[in-house]
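1. here's a sequence, model it:
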Amino acid sequence: MATTTTDWVYFSEGGKHAIFTHRDHALRVEKGPLVRAARAALDQPSSTRSNLHLLEDIDESSSSARFRELIIKPNLGDCYIDAPREVFLPPSFCSKLYVDALSSGNIPPSRLTSWQGKENINSDDIIQSGVNATLLRNYTRLKCQSSKCTNKSPNPVVVSVEIKPKAGYLTNSPLVLSEHRCKYYRSRYDLQQELMDKNLVKKGWYQSKGTEENRHNFRRSNYSPLDLFSGDFTKLKASVKELSRNMQNNFRVWCNGKILRENDIPSMIYNDILNNLLCGMQQYNPSKSDARSNILDMVVCVVTNVLHREKLLERLLSLQSLDVIDGDGAILVYKRLVDLFGGSQSEAEAALKKIFIPSGDEALSRCSLNKSCQDKILSTSPYPMPHCPHLHELLNEIESFQSYLDRQRQSGFPVDSSIENKCHLLCNNHVTQLSKESCIFLLSNWLLSLTMCDVSFFVTFTLLYVADIDKIEETVLDDDGRGVFICNWDNALNLPKSVVQYEVNAIDYDPKPVEKLRNRNDVEKLFQYCDCVQ
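-> Below you'll find the model as predicted:
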């Protein structure tokens with residue numbers, strides 16, 4: 001693909017990656033290598049820096065590609081997953097992206113520190129190697145328009161919503177430490193909100209310098225991932241509504257590729273967007289004078305209907321629920337695995353990575369796995385369960401404790417601490433006797449769950465005009481990544497029913513580095529400062 005850096009503009013970023021867009025494509029680059037390569041290239045003579053570069057395809061058998069094809073696609077569904085191209089960026093290409101991004105003024109102030117790079121750069125190594133990146137489709141655009149309808153507006157509006165739903169389950173593991181048992185009663189997202197409010201956790205998207213004034217500027221979200229994943233339409237809608245009210249880093253809205261931020265877009269622009277969005281309707285009388293509020297209300301209505309129709313949340317939760325040991329248990333199981341490898345973390349992690357990110361041959365052997373032989377709580381695992389008596393006894397104890405917790409939660413009765421302590425001690429004893437294969441099996445499922453808890457997805461849609469709306473055939477997402485439905489708007493919106501064409505695309509499903517297990521205690525120990533009751 002021949003292109004110049006002037007074709008690409010800074011779009012957005014997360015903690016690790018930056019996104020640049022170019023018409024129908026998006027370029028996802030890891031910020032650390034990008035910044036290092038850019039700063040090194042900037043030190044080279046100007047003659048080595050040219051605007052025109054060739055993005056060359058690299059090996060599609062990379063670990064991320066294998067993980068996507070063998071683990072993610074079969075379990076989330078092909079219709080939600082695109083096949084991105086792995087590309088190579090020469091250092092001079094990186095330097096121009098870097099300079100243009102910094103000069104664009106689009107990088108949020110809280111993210112600027114991640115663009116500063118580090119000193120002592122080995123320029124020669126970076127100049128020779130360049131940076132690998134991922135070429136994706138630009139999900140703020142629709143793939144194609146439905147042939148059954150037309151868009152009557154002269155300036156059609158495509159709305160795209162990015163949602164990072166986070167963990168949609170409560171932990172049920174008896175391996176949770178006694179000082180962390182707030183996890184039994186509150187979602188991990190809610191606990192993180194409390195830690196951020198107490199200034200014990202800092203996120204890149206929220207600038208905090210540790211002062212009392214900054215701490216009180218943080219507005220806690222009431223969003224509930226448990227409601228989003230509940231399958232209940234009313235709870236689902238309430239959770240999406242809360243996301244739209246307090247977006248933080250979990251909800252972003254674009255109209256025709258332009259992000260809707262509250263303070264940097266004139267009201268006139270919102271009025272134009274709303275008028276174009278509703279063009280073709282016989283009559284409409286928006287309930288609010290604020291065009292941005294009307295747009296967000298429409299977004300909430302469409303997104304709720306789409307997510308309730310599709311299987312993505314159900315499948316995502318199924319994979320998230322493979323975490324049966326919790327982070328506290330993962331720490332214990334990882335320690336056991338390292339001990340079994342004679343104290344070598346690198347050897348233990350290499351063995352774990354081989355199973356967590358399988359080769360084609362290993363995946364083929366799993367296809368013949370008899371799921372009925374697996375324990376109920378891990379029946380959806382894509383990994384083969386080894387034969388180990390202590391593993392099966394551990395899983396039986398975990399399942400029994402899960403049932404007890406569910407009964408207590410439903411009845412509103414407190415959990416008996418003596419039962420918690422007894423189960424914890426018993427399960428901890430089973431962990432100390434697990435085999436290598438059993439440790440790897442549990443940790444692979446935990447890492448997969450951790451990956452799924454950081455997945456984001458785009459819901460992209462437009463409103464279409466049709467002469468006879470009652471003759472429209474509704475469809476859910478098909479192999480072409482397209483769905484159509486008739487949207488009956490909320491009464492408060494005062495809008496006639498409309499035809500909605502939409503797509504849903506999942507992103508950010510790269511496998512979590514197994515090395516994350518080394519310092520996991522630094523993450524989990526913070527929960528000792530959280531309350532059991534919100």
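
2. which parts of the stretch 351-500 of the chain are strands?
-> Along the stretch 351-500 of the chain, counting by DSSP state E, counting those that start in this stretch, strands occupy 456-464, 483-487, 498-507.

3. do you know which of those lies nearest L260?
-> Shortest distance between L260 and the strands of the stretch 351-500 of the chain, using C-beta to C-beta, is found for strand 456-464: 14.0 Å. Every residue, glycine included, has its C-beta placed from N, CA and C.

4. check which residues of the closest one are buried.
-> Judged by neighbour count using 16 or more other C-beta atoms under 10 Å, the buried positions of strand 456-464 are 456-464.

5. do you know how far S187 is from E86?
-> 35 Å (C-beta to C-beta, to the nearest Å).

6. ok, N519 next?
-> In terms of C-beta to C-beta, N519 sits 28 Å off from E86.

7. can you check E13 too?
-> From E13 to E86 the distance is 19 Å (C-beta to C-beta).

8. same question for T113.
-> From T113 to E86 the distance is 28 Å (C-beta to C-beta).

9. out of these two, which sits in the busier spot?
-> Taking neighbours as other C-beta atoms under 10 Å, T113 and E86 compare with E86 leading, 18 against 9.

10. what's the residue sitting nearest the centre point of the chain in contact with, if anything?
-> Geometric centre of the chain, nearest residue: V455, 2.0 Å, by C-alpha atoms, centre = their mean. Residues near V455 by C-beta atoms under 8 Å, 6 or more residues apart in numbering: 164-165, 316, 506-509.

11. repeat that for V201.
-> V201 neighbours (C-beta under 8 Å, 6+ apart): 192, 195, 526.

12. ok but W254 is inside a helix, no?
-> No. Read with DSSP: H, G, I helix; E, B strand; the rest coil, W254 is strand and lies in no helix.

13. hmm, V157 and it touching each other?
-> No. Assessed by C-beta atoms under 8 Å, W254 is found out of contact with V157, at 10.3 Å.

14. assign the nearest residue to T21 once chain neighbours are set aside to helix, strand or coil.
-> Using C-beta to C-beta, 6 or more residues apart in numbering and skipping residues adjacent in sequence, the residue nearest T21 is F11, 4.4 Å away. Following three-state DSSP, the label given to F11 is strand.

15. mind pulling up the pLDDT for F11?
-> On pLDDT, F11 comes in at 86.

16. again, but for the one 4 residues further on
-> Model confidence at G15, given as pLDDT, is 75.

17. circling back to that earlier point, ok, now how distant is the residue nearest to the centre of the chain from N172?
-> To N172, V455 is 21 Å away according to C-beta to C-beta.

18. what does L463 give?
-> According to C-beta to C-beta, L463 and N172 sit 42 Å apart.

19. try R68
-> 29 Å.

20. likewise Q410?
-> 13 Å.

21. neighbour count: these two, which is higher?
-> Using other C-beta under 10 Å as the criterion, Q410 and N172 rank with N172 on top: 23 against 8.

22. do you know the pLDDT at that one?
-> pLDDT, N172: 94.

23. ok, it - contacts?
-> Counted by C-beta under 8 Å, 6+ apart, N172 has contacts 184, 324, 398, 401-402, 405-406.

24. same check on E179?
-> Counted by C-beta under 8 Å, 6+ apart, E179 has contacts 527-528.

25. swap in the one 4 residues further on?
-> When the contact criterion is C-beta under 8 Å, 6+ apart, the partners of K183 are 170-171, 176, 191, 326, 527.

26. report the buried members of those residues.
-> 170-171, 176, 191, 326, 527.

27. for the residues you listed, which one is nearest C439?
-> Using C-beta to C-beta, the buried ones among the contacts of K183 come closest to C439 at D326, 15.2 Å.

28. verify the contact between that closest one and L175 for me.
-> Yes. In this structure D326 lies within contact range of L175 using C-beta under 8 Å: 5.9 Å.

29. can you list the contacts of K183 in JSON lines and add secondary structure and distance to K143?
-> Shown next, in JSON lines, are the contacts of K183 (DSSP: H, G, I helix; E, B strand; the rest coil; distance: C-beta to C-beta, whole Å):
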{"residue": "L170", "secondary structure": "coil", "distance to K143": "37"}
{"residue": "T171", "secondary structure": "coil", "distance to K143": "38"}
{"residue": "V176", "secondary structure": "coil", "distance to K143": "43"}
{"residue": "L191", "secondary structure": "helix", "distance to K143": "38"}
{"residue": "D326", "secondary structure": "helix", "distance to K143": "39"}
{"residue": "F527", "secondary structure": "helix", "distance to K143": "42"}
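
30. re the thing from before, quick one, which of the contacts of V455 are buried?
-> 164-165, 316, 506-507, 509.

31. of these, which is the nearest to R36?
-> For the buried ones among the contacts of V455, the minimum distance to R36 (C-beta to C-beta) is 24.1 Å, reached by I507.

32. who does that closest one bridge with?
-> S456 (DSSP bridges).

33. quick check: pLDDT value at it.
-> 91.

34. show me what contacts it?
-> Contacts of I507 by C-beta under 8 Å, 6+ apart are 136, 139, 455-458.

35. tell me where the stretch 201-350 of the chain has helices.
-> 212-217, 225-228, 233-245, 267-277, 291-309, 312-320, 326-340, 345-356 (DSSP state H, counting those that start in this stretch).

36. nearest to G77, out of the ones you listed?
-> Among the helices of the stretch 201-350 of the chain, helix 312-320 sits nearest to G77 (C-beta to C-beta), with 6.4 Å.

37. other SSEs contacting the closest one?
-> Where contact means 3 or more C-beta pairs under 8 Å, 6 or more residues apart in numbering; DSSP states H and E, helix 312-320 is packed against helix 73-76, helix 436-452, strand 498-507.

38. may I see these organised as CSV, with distance to K422 added?
-> As requested, those are exported to CSV (distance: least, C-beta to C-beta, whole Å):
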stretch, distance to K422
helix 73-76, 35
helix 436-452, 21
strand 498-507, 40
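
39. closest to F218 out of the ones you listed?
-> helix 436-452 (24.8 Å).

40. show residues contacting the closest one.
-> In contact with helix 436-452 (C-beta under 8 Å, 6+ apart) are residues 71, 316, 319-325, 327, 329-330, 333-334, 336-337, 340-341, 351-352, 355-356, 378, 381-386, 388, 390-391, 434, 509-512, 514, 516-517.

41. what subset of these is buried?
-> Buried among those by 16+ other C-beta under 10 Å: 71, 316, 319-325, 327, 329-330, 333-334, 336-337, 340-341, 351-352, 355-356, 378, 381-386, 388, 391, 434, 509-512, 514, 517.

42. wait, D510 sits on I71?
-> No. If you go by C-beta under 8 Å, D510 and I71 don't touch, sitting 11.2 Å apart.

43. picking that back up, ok, of the buried ones among the contacts of K183, which one's closest to F93?
-> L191 (41.3 Å).

44. for E524, see how far away that closest one is.
-> 11 Å.

45. likewise for D232?
-> From D232 to E524 the distance is 30 Å (C-beta to C-beta).

46. and the two? Which one has more around it.
-> In this view D232 and E524 are compared by other C-beta under 10 Å, and E524 has more residues nearby, 18 against 13.

47. how about the contacts made by the closest residue to that one other than its chain neighbours?
-> Of all residues beyond its chain neighbours, the one nearest E524 is G327 (4.4 Å), with distances taken as C-beta to C-beta, 6+ apart. By C-beta under 8 Å, 6+ apart, the contact set of G327 is 446, 520, 523-524.
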